[in-house]
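# Turn this into a model:
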Amino acid sequence: MNPGDTQPTQPLPEWAIATAPPPRRRRRVWPWLLAFFVVAGLAVVAWFVGEAVARDLVIRTVREQVITNLALPADQQIDVEVSGAVLPQLIRGSLDDLAISSDDVTIGPLTGDIDVRVQGVPIRGDADLEAGSGSVTLDTAQLQALLGSLEGFPDDAEVALDAPDVRLSTAFPVFGVEVPVTIAVVPQAVEGDLALTPSAVSVAGAELTADGVRDQFGGLADGVLQAWTVCIAGDLPAGITLTDLVVEGDRLTGSFDVDPAIVRDVSLQENGTCA
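Numbering: from 1, shown residues only. The predicted model follows:
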């Protein structure tokens, strides 16, 4: 090769040529996140839809049972509250806490506002309640109507609520003269009945005992001084028992006990009897 001649360039062998790796594709994360949130959202919606359906079913069932067992009108407004999420309770087979209330409920001769609270309510009816209680509240007009339905109760007697007593104002004739009398009676629950027992008497403004009035007026006072008893057991399920009566302000409130076995014992669901 002469000086000055240029040496031809030789290509590099293939093994010496470094091949650049193809660019890595970056995975997009947001579609997966979006899918997760969509699925989670659908699950939440499904839960709430199922919860709403389950709650509505429980409320309608309880309402129907109350109307049937107490022989109430089909259009009776009954409020039912179920505490907590219903679906887990249905799965577990027991309702934790159930509140039932209704105004102006008529049961036999009695009309009042009813409130019932029960805990641990078995769904399948193969176990007892954990606990149950209730109350019925009467205003003056409702108590007047209740006592007015009693045989022998004075037609002109006026009823007033004056804690802790119930007061009856009437009159009885003495030698052709109407003598005004006001009787304070103590409300009590006696063997499941509503009882009103005279405790003090005011005759023409003079305070006397019931025995003192009888001593002065004899049998003339018997009609207004007798104890009055209202049997309500015959119009209630045998598993519900009146246990206490108290005057609070302008209301008379009776408390009830609910037998825990009432949900499974048919005999306790049937009306009781009056002595």
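
# Strands of the stretch 151-275 of the chain, residue ranges please.
Secondary structure of the stretch 151-275 of the chain (DSSP state E, counting those that start in this stretch): strands at 158-162, 165-174, 177-190, 193-203, 206-208, 228-230, 240-248, 251-258.

# Out of these, which gets nearest to I107?
Closest approach to I107 among those is made by strand 240-248 (9.9 Å; CB to CB). (Glycine included, C-beta is placed from N, CA and C.)

# Contacts only, for the residue nearest to Q269 when sequence neighbours are not counted.
Excluding its sequence neighbours, the residue lying closest to Q269 (CB to CB, 6 or more residues apart in numbering) is P237, at 5.2 Å. P237 is in contact with 69-70, 262, 268-272, counting by CB atoms under 8 Å, 6 or more residues apart in numbering.

# Ok, Q226 next?
Taking CB under 8 Å, 6+ apart, we find Q226 in contact with 152, 198.

# any idea how far it is from L196?
10 Å (CB to CB, to the nearest Å).

# where in the stretch 1-150 of the chain is pLDDT low?
Residue ranges of the stretch 1-150 of the chain with pLDDT under 70: 1-49, 125.

# Could I get the full set of helices for it?
With helices called from DSSP state H, counting those that start in this stretch, the stretch 1-150 of the chain shows them at 30-69, 86-92, 140-148.

# Surely D139 touches D250?
Yes. Between D139 and D250 there is a contact under CB atoms under 8 Å: 6.4 Å.

# which residues are common contacts for these two?
Common neighbours of D139 and D250 (CB under 8 Å, 6+ apart) are L161.

# Show me which of those two is the more surrounded one.
Neighbour comparison, D139 and D250: the larger count goes to D139, with 15 against 11 (by other CB atoms under 10 Å).

# quick one, phi psi at that one?
phi -90, psi -180 (degrees, to the nearest 10).

# and the closest residue to A200 other than its chain neighbours, what is it in contact with?
Leaving aside its sequence neighbours, A200 sits nearest to A184 (CB to CB, 6+ apart; 4.3 Å). Counting by CB under 8 Å, 6+ apart, A184 makes contact with 162, 165-167, 198-201.

# Could you do T106 as well?
By CB under 8 Å, 6+ apart, the contact set of T106 is L72.

# now do 7 Å
Listed by CB atoms under 7 Å, 6 or more residues apart in numbering, the contact set of T106 is empty.
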